[in-house]
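**Q** Build me a structure from this.
(chains A and B)
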Amino acid sequence: MQKDRSPQTVSLSSFWSTFIAMARKELIIMARYPVNFVASFGQVFLTVAVFTLAGRLFYDAPAGQSSLSNGSNPAGIVVYGFVLYLFLNDTLWTIGYNVRNEQVQGTLEQLYLSPASKFANLVARITNILIWTGLLTIAGGALMSVLIGRLPAENLPLGLYLFILTLMGTFGVGFAFAALTLQIKETAQTLANLLQFAFLVLCANFFPFAALPPFLLHLSRLIPLAYAVDAFRSTLMGFPEGFPELAPFRVEFWIVTIFGLVMPFLGYYLYRASERKARKEGSLSNY
Amino acid sequence: MNTQANISAMLASTRMRLQFLSRYPGQLVMDLVLPIVLAAMPIFLGSAGGASNAEAVFEANTGTSNYVAYLLIGSAVLNLVTNAFWHMAYWLRREQELGTLETLYQAPTPRIWIAGGTAIYSAVRSVSTAILAYGIGCWIMHVDPFTGEVGLALIFVLVGLIPLYSLTLLFGAVILKVKEANALVSLMQWVVIFLMGVYYPITIFPPLVKLLSLLFPPTWMTNGVRAALLGVGYFFGTWYKDLAVLWIFMLITPWLGWWVFTRVENNVRRNEGMGQY
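**A** Have a look, this model is predicted:
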């Protein structure tokens, strides 16, 4: 019977070795499609331009006319929401997509026969993408602030803390989604698309929570990620009047901290359980 | 093959694709949800994050204070355009992946008819879901979807479909040549969205970008629908002049699209072969 090697039973050097090997493999695959690199960069710029030009219609009166605006500027809300959106997109769905790809390519079964750390294997899948997204974020954020206006940047260490904890939490959600992918197979892609858009609205990445109708706002309050978005952008905007919107900052801070610390373990536990179930049923390579 | 047989093959192709679609109802749900969600972003941003007199500012920029309908129309047309690009551009790629493309080239039916079948499928799917999404979006956001001249708006959509689907042949040619071109098509899709003024009037562009935008048929379609329903004004002042421009596109673009596509296709057939991917 095959020994079930959890991260605790794999040595640290073996963990790193697996992590680096898998990250290198993903990097080689990415490097073979340079068009994708350029296209994704262009796509971020165009997405930013389209949505910011749309936003400007509401607060920027045309030249030659007296300004109808009250001078308010949603730069911080949009830019910081956009930054989190880019990272969340990667961490939430990429792990599941990758597991699915291994199934389709027929290599998942073999990967599970190897003694390599499963945890390192999962995390390595998004390392390169996160670095690439970091670069996209800097460029996209700069473009957005040029288009929308000066970007507020207050409380940077606290913002960084919230950002890291949020990313950790989304890693956990990503593991849980990968677990679901092993079970629901082809339906995962459609579900991911639906959830992606549901999260986009409920976590209010591109607009204030105040714009949501009350019934959607109630749903938002059930999602830890929504508090993460609210706390992150409120912190970096220097807590302007009315922010944070969902709960007092102290409450949001603790929600984000607990989410970031607990979710990776919970998500990974769910993934291992789903993987064991698939192995017992012999459905690991079925897709 | 005579025309009747060709039409029969074209309709069979449409029916087959609609049958495939019926097996994936999730895709239809996405077609309905996506335009509403994409319109909701700027609507929410504008109504809560912009100025306190956001409606007045919006009216000064666009010519209408009905920003919900304005943005929903943009997003419904966007759905039409992106579906057209993905369905048509990936038609041949999909055949390649399924291993049926080489066989398709041996069939006596000219490919223009099979492409026509795919275009009809795509148009039926996109137009019906775009209209439904617009209606549902207006209902959710408490706006009357049937203000203005609904019939005229539909004429703009229907006339605009022919140049739109003709242009997708250019993308089909790119797919044949580049093969793994998902990212490239996604990028081109965003270029199109940017140029056709999905969420804003193209008057905000500098002259050169505005000229590029006017060379793209969906720009006329989007503005025609908005002008008919919301009275934002036609590019040439009257509806028949704008519609005439779409008719000119309708006469030119099918030939252009087919010419480019067949040239690339012949080139691919002479070299690596159609079945390779």
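
**Q** For the rest of this, base every contact and every neighbour count on C-alpha atoms.
**A** Noted.

**Q** is stretch B:162-176 anywhere near chain A?
**A** No - Stretch B:162-176 does not reach chain A (Cα under 8 Å from any Cα of the partner chain); its nearest approach is 12.9 Å.

**Q** Name the residues of that stretch that are buried.
**A** For stretch B:162-176, a neighbour-count test (16 or more other Cα atoms under 10 Å in any protein chain shown) marks B:162-176 as buried.

**Q** and if you look at stretch A:168-188?
**A** So, applying 16+ other Cα under 10 Å, buried residues of stretch A:168-188: A:168-183, A:188.

**Q** Of those residues, which belong to helices?
**A** With helices taken from DSSP state H, the overlap with those comprises A:168-183, A:188.

**Q** ok, residues contacting stretch A:231-244?
**A** With Cα atoms under 8 Å, 6 or more residues apart in numbering or on different chains as the test, stretch A:231-244 has contacts from A:76-77, A:80-81, A:152-156, A:158-159, A:162-163, A:230, A:249, A:252-253.

**Q** helices or strands up against the helix or strand harbouring residue A:258?
**A** For residue A:258, the enclosing helix or strand under DSSP states H and E is helix A:249-281. Judged by 3 or more Cα pairs under 8 Å, 6 or more residues apart in numbering or on different chains; DSSP states H and E, helix A:249-281 is in contact with helix A:156-184, helix A:224-236.

**Q** between the ones you listed, which gets the lowest average pLDDT?
**A** Mean pLDDT across these is lowest at helix A:156-184; the value there is a mean of 89.

**Q** hmm, back to that, avg pLDDT for the helix holding residue A:258?
**A** Mean predicted lDDT for helix A:249-281 stands at 92.

**Q** what comes up buried for it?
**A** Buried, per 16+ other Cα under 10 Å, within helix A:249-281: A:249, A:252-253, A:255-257, A:259-260, A:263-265, A:267-272, A:274-275, A:278.

**Q** Low-confidence regions, chain B specifically.
**A** Within chain B, the set of residues satisfying pLDDT under 70 comprises B:1, B:49-52, B:179-181, B:272-277.

**Q** For it, list the residues in contact with chain A, please.
**A** So chain B meets chain A at B:26-27, B:30, B:34, B:37, B:40-42, B:44-58, B:60-62, B:183-184, B:186-187, B:190-191, B:193-194, B:199-200 (Cα under 8 Å from any Cα).

**Q** which other helices and strands contact the helix or strand hosting residue B:167?
**A** Assigned by DSSP H and E, residue B:167 belongs to helix B:150-178. Helix B:150-178 sits against helix B:67-89, helix B:91-98, helix B:217-230, helix B:239-270, with contacts defined as 3+ Cα pairs under 8 Å, 6+ apart.

**Q** For the shortest one, list the C-alpha coordinates in PDB.
**A** As requested, C-alpha coordinates have been extracted for helix B:91-98 and formatted as PDB (Å, rounded to 0.1, in the frame of the first residue of the first chain):
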ATOM      1  CA  TRP B  91     -14.700  27.400 -35.100                       C
ATOM      2  CA  LEU B  92     -11.700  26.000 -37.100                       C
ATOM      3  CA  ARG B  93      -9.500  25.500 -34.100                       C
ATOM      4  CA  ARG B  94     -12.300  23.400 -32.500                       C
ATOM      5  CA  GLU B  95     -12.500  21.300 -35.600                       C
ATOM      6  CA  GLN B  96      -8.800  20.900 -35.500                       C
ATOM      7  CA  GLU B  97      -8.900  19.700 -31.900                       C
ATOM      8  CA  LEU B  98     -11.700  17.300 -32.600                       C
END
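
**Q** Flag every buried residue along it.
**A** Quick answer for helix B:91-98 (16+ other Cα under 10 Å): B:91-93, B:95-96.

**Q** Can you mark which positions in the helix or strand following that helix are buried?
**A** For helix B:91-98, the following helix or strand on the C-terminal side (DSSP H and E) is helix B:101-106. Using 16+ other Cα under 10 Å as the test for burial, helix B:101-106 gives B:101, B:104.

**Q** which helices and strands sit right next to helix B:101-106?
**A** Against helix B:101-106 (3+ Cα pairs under 8 Å, 6+ apart) you get helix B:91-98.

**Q** repeat that for 10 Å
**A** helix B:91-98, helix B:111-140 (3 or more Cα pairs under 10 Å, 6 or more residues apart in numbering or on different chains; DSSP states H and E).

**Q** and those helices, which is most packed in?
**A** Ranked by mean neighbour count, the helices and strands packed on helix B:101-106 are led by helix B:111-140 with a mean of 20 (mean count of other Cα atoms under 10 Å in any protein chain shown).

**Q** Just want the angle from that one to helix B:67-89.
**A** Here the directions of helix B:111-140 and helix B:67-89 differ by 160 degrees (axes from the mean of the first three to the mean of the last three Cα atoms, to 10 degrees).

**Q** Could you check how far helix B:111-140 is from the centre of its chain?
**A** 9 Å (Cα atoms, centre = their mean, to the nearest Å).

**Q** And the closest residue to residue B:209 other than its chain neighbours, how close does it get to residue A:80?
**A** Spatially, and ignoring its direct neighbours in sequence, residue B:209 is nearest to residue B:195 (7.5 Å; Cα to Cα, 6 or more residues apart in numbering or on different chains). Separation of residue B:195 from residue A:80 (Cα to Cα, to the nearest Å): 26 Å.

**Q** if we can go back for a sec, in contact with the residue nearest to residue B:209, which residues?
**A** By Cα atoms under 10 Å, 6 or more residues apart in numbering or on different chains, the residues touching residue B:195 are A:46, A:50, B:189, B:201-202, B:205, B:209-216, B:218-219.

**Q** again, but for residue B:85
**A** B:79, B:91, B:122, B:164-165, B:167-172, B:185-186, B:188-189.

**Q** So for chain A, the centremost residue is which one?
**A** Of all residues in chain A, the one closest to the mean position by Cα atoms, centre = their mean is residue A:88, 1.1 Å from it.

**Q** ok, that one to chain B distance?
**A** 17 Å (Cα to the nearest Cα, to the nearest Å).

**Q** before we move on, which element is that residue in?
**A** Here residue A:88 is assigned to helix A:75-105, by DSSP H and E.

**Q** Please give the centre-to-centre distance between that helix and its chain.
**A** The answer for helix A:75-105 is 4 Å, by Cα atoms, centre = their mean.

**Q** excluding its backbone neighbours, what's nearest the residue of chain B found nearest chain A?
**A** In chain B, the residue found nearest to chain A is residue B:45; the distance is 4.4 Å by Cα to the nearest Cα. Spatially, and ignoring its direct neighbours in sequence, residue B:45 is nearest to residue A:207 (4.4 Å; Cα to Cα, 6+ apart).
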